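> Please work out how this folds:
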Amino acid sequence: SLMVVDNGSDDVASRDFLDNLKAAGFGVIRNATNLGLSRAVNQGLAAGYTPEQVAGTLGGISQEAPGYNPRAQNTISGATGLYQVLGPRQDALQAHLNETNSDWFDPKAQTEHALTELAGTNPADDESPADRRIRAAKTPEEASDAYARHFMRPGKGLTPAYLNAAAAEARRALPGVQAL
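Reported below is the predicted structural model:
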């Protein structure tokens, strides 16, 4: 799963950023004191994604769910949530929500389902090829591009402006992710 590590930060901007990530269902580890960069990086790496990959994913989500809003809805297609699921993916999310007795707009439940898709644990909604592309990314721009093209798949909405905005948000998020 995606994990962000706060290494004892005490500024309001970092705390607000972390609160928004946590509300959107991302894992947040908060160290009470600065344990050193290597320990914080090791905690994040143990979750399996690099800061660039986390930032890239956030950049992609920001284009589909402004403000990381788990209630975001595409009024044309009917896609909903942080991950803008539709069709069979929406059905699979609903099944997950039923199994876990979770609310449709629970960002944690949406994220748990997205991570199961990325892990490929359910053959009916296997998104492991997208996960491999995200994990292969070396920069936030590469990660946001892989996330948008292979996991979000916004169809006709995948324009240069969309990709540029996702990459810009990923670049903006990276220092915050790296600073934690």
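> count of neighbours near the nearest residue to residue 94 once chain neighbours are set aside?
What sits nearest to residue 94 in space, not counting adjacent residues and going by CB to CB, 6 or more residues apart in numbering, is residue 104, at 7.7 Å. (Glycine included, C-beta is placed from N, CA and C.) Counted with other CB atoms under 10 Å, residues neighbouring residue 104 total 13.
> Same check on residue 133?
Residue 133 has 17 nearby residues by other CB under 10 Å.
> doesn't residue 105 make contact with residue 71?
Yes. Residue 71 lies in contact with residue 105 (CB atoms under 8 Å); the separation is 5.0 Å.
> List the residues that are in contact with both of the two.
Overlap of the contact sets of residue 71 and residue 105 (by CB atoms under 8 Å, 6 or more residues apart in numbering) consists of residue 81.
> Out of these two, name the residue with the larger neighbour count.
residue 105 (15 against 11).
> For the protein, name the helix or strand with the lowest mean pLDDT.
helix 37-46 (a mean of 41; mean pLDDT, DSSP states H and E).
> okay, the closest residue to residue 139 other than its chain neighbours: pLDDT?
In space, and not counting its chain neighbours, residue 139 is closest to residue 52: 5.5 Å by CB to CB, 6+ apart. Confidence at residue 52, expressed as pLDDT, is 92.
> my read: residue 52 touches residue 144, true?
No. In this structure, residue 52 is not within contact of residue 144 by CB under 8 Å, at 9.5 Å.
> got the buried residues for the helix or strand containing residue 113?
When elements are assigned from DSSP states H and E, residue 113 belongs to helix 107-119. Of the residues in helix 107-119, 107, 108, 109, 110, 111, 112, 113, 114, 115, 116, 117, 118 count as buried by neighbour count, 16 or more other CB atoms under 10 Å.
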